[in-house]
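Novice: heads up, no residue letters with this:
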């Protein structure tokens with residue numbers, strides 16, 4: 001989430017530069033976004049992540065990508081503290097534990113995408 005925040009700050013700075021507006025002008029981000037009509041970077045990243053996950057799971061060939069999504073390392077010691085979240089953990093929060101079956105139905109998968117993007121926007 002730290003990377004997403006930095007991307008959002010950079011995007012806002014670029015939009016201000018496009019309009020020739022300084023931070024001292026104290027114009028709200030919503031107003032700048034309305035004038036530039038640029039898509040929010042966090043929204044775009046979330047949408048692409050969701051689409052890529054569905055694309056990888058629907059592949060029928062024997063590539064390693066789908067296997068990596070569910071891979072769990074079993075050797076070595078675990079680090080102290082909370083384990084890092086995986087891509088699938090993020091997707092399972094929205095689509096449930098049977099998310100791989102949900103990718104096969106395009107209508108369900110696309111409706112869940114909207115929920116996923118909204119969730120990402122509230123976090124970031």
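Specialist: Received the coordinates, thanks. Computed from a predicted model, the values in this text were never measured in an experiment. Residues are numbered from 1 along each chain as shown.
Novice: Touching stretch 42-51 from outside, list them.
Specialist: 4, 7-8, 87, 90-91, 112-113, 116-117, 120-121, 124 (Cβ atoms under 8 Å, 6 or more residues apart in numbering). Glycine gets a C-beta too; all of them are placed from N, C-alpha and C.
Novice: So among these, which ones count as buried?
Specialist: 4, 7, 8, 90, 91, 112, 113, 116, 117, 120, 124 (16 or more other Cβ atoms under 10 Å).
Novice: tell me which element residue 30 is part of?
Specialist: Following DSSP states H and E, one finds residue 30 within helix 29-36.
Novice: Please identify the buried residues of that helix?
Specialist: Neighbour-count burial for helix 29-36 [16+ other Cβ under 10 Å]: residue 32.
Novice: Same check on stretch 90-110?
Specialist: Quick answer for stretch 90-110 (16+ other Cβ under 10 Å): 90, 91, 94, 95, 99, 100, 102, 103, 109.
Novice: what's the spacing between residue 99 and residue 108?
Specialist: Residue 99 sits 10 Å away from residue 108, going by Cβ to Cβ, to the nearest Å.
Novice: From the contact counts, what lies against the helix holding residue 30?
Specialist: The helices and strands touching helix 29-36, judged by 3 or more Cβ pairs under 8 Å, 6 or more residues apart in numbering; DSSP states H and E, are helix 2-19.
Novice: Give me the next element, helix or strand, following the helix holding residue 30.
Specialist: Next along from helix 29-36, by DSSP H and E: helix 41-58.
Novice: pull the helix or strand with minimum mean pLDDT from this protein.
Specialist: For the chain, counting by mean pLDDT, DSSP states H and E, helix 65-70 ranks last in confidence among helices and strands (a mean of 67).
Novice: Give me the below-cutoff pLDDT ranges for the chain.
Specialist: 64-76, 78, 123-124 (pLDDT under 70).
Novice: Redo the contacts of stretch 42-51 as JSON lines? Include distance to residue 53.
Specialist: Output for the contacts of stretch 42-51, formatted as JSON lines (distance: Cβ to Cβ, whole Å):
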{"residue": "4", "distance to residue 53": "17"}
{"residue": "7", "distance to residue 53": "20"}
{"residue": "8", "distance to residue 53": "22"}
{"residue": "87", "distance to residue 53": "7"}
{"residue": "90", "distance to residue 53": "9"}
{"residue": "91", "distance to residue 53": "6"}
{"residue": "112", "distance to residue 53": "11"}
{"residue": "113", "distance to residue 53": "10"}
{"residue": "116", "distance to residue 53": "9"}
{"residue": "117", "distance to residue 53": "13"}
{"residue": "120", "distance to residue 53": "13"}
{"residue": "121", "distance to residue 53": "18"}
{"residue": "124", "distance to residue 53": "18"}
